[in-house]
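Trainee: okay, predicted coordinates and the sequence, questions at the end:
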Amino acid sequence: ARNSVPVQLIHGTDNTQWSASVSAVTSDQVPDPPTSLELVVLGRDSFQVLFKWPIREGGQPISDFAVMYDTSEDFSSPNTLTVASTVPSVIPDSGGKFIFDFTPTTPRFVPGQLYFLKMIAINSVGAGAESEVISGVPSGPSDPPEA
């Protein structure tokens, strides 16, 4: 984005002399974090993640979201999956929320285990700040016995 700001020096009574325009181009930055995260249990090994798109993309489009999850609230041994920014869908009449299904395969969620999750938006400049941490417990019917 290019911004121009005229500057006027007020000295004495003659305040009609304006300086030349000063022009600056803001540098691109990393995006803000996603906000208003929620988890909805989708099944025994998956969640739906709901969130609001970052307020500022940092001057470049968001390309991906890093989704970090762990069984420890301090994320001492986190797992991270990258979700392309084209995957989340907008939820109609939700106040701007997006949604995507989150079913990690390595490692899989363990039913009944508490998980903590946070997101980071990524653009061509880099990864932004982490979102707030949310938690949930995947649950659902057990697998049928094997014959």
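Mentor: That came in fine, so what should we check first?
Trainee: grab the most central residue of the chain for me.
Mentor: By Cα atoms, centre = their mean, the chain has its centre lying nearest to P34, at 3.1 Å.
Trainee: doesn't E132 make contact with that one?
Mentor: No: using Cβ atoms under 8 Å, P34 is not in contact with E132; the gap is 9.0 Å. C-beta: built from backbone N, CA, C; applies to glycine.
Trainee: quick one: the strands in this structure, in order.
Mentor: Applying DSSP state E to the chain gives strands spanning 2-5, 22-25, 35-43, 46-52, 64-70, 79-84, 89-90, 97-102, 115-122, 127-130, 134-136.
Trainee: just how off-centre is the fourth one within its chain?
Mentor: Taking Cα atoms, centre = their mean, to the nearest Å, one finds the center of strand 46-52 at 11 Å from the center of the full chain.
Trainee: what of the longest one?
Mentor: Strand 35-43 sits 13 Å away from the centroid of its parent chain (Cα atoms, centre = their mean).
Trainee: pairing partners for that strand, with directions?
Mentor: Strand 35-43 has these partner strands in its sheet, going by DSSP bridges: strand 46-52 (antiparallel).
Trainee: cheers, nothing more for now.
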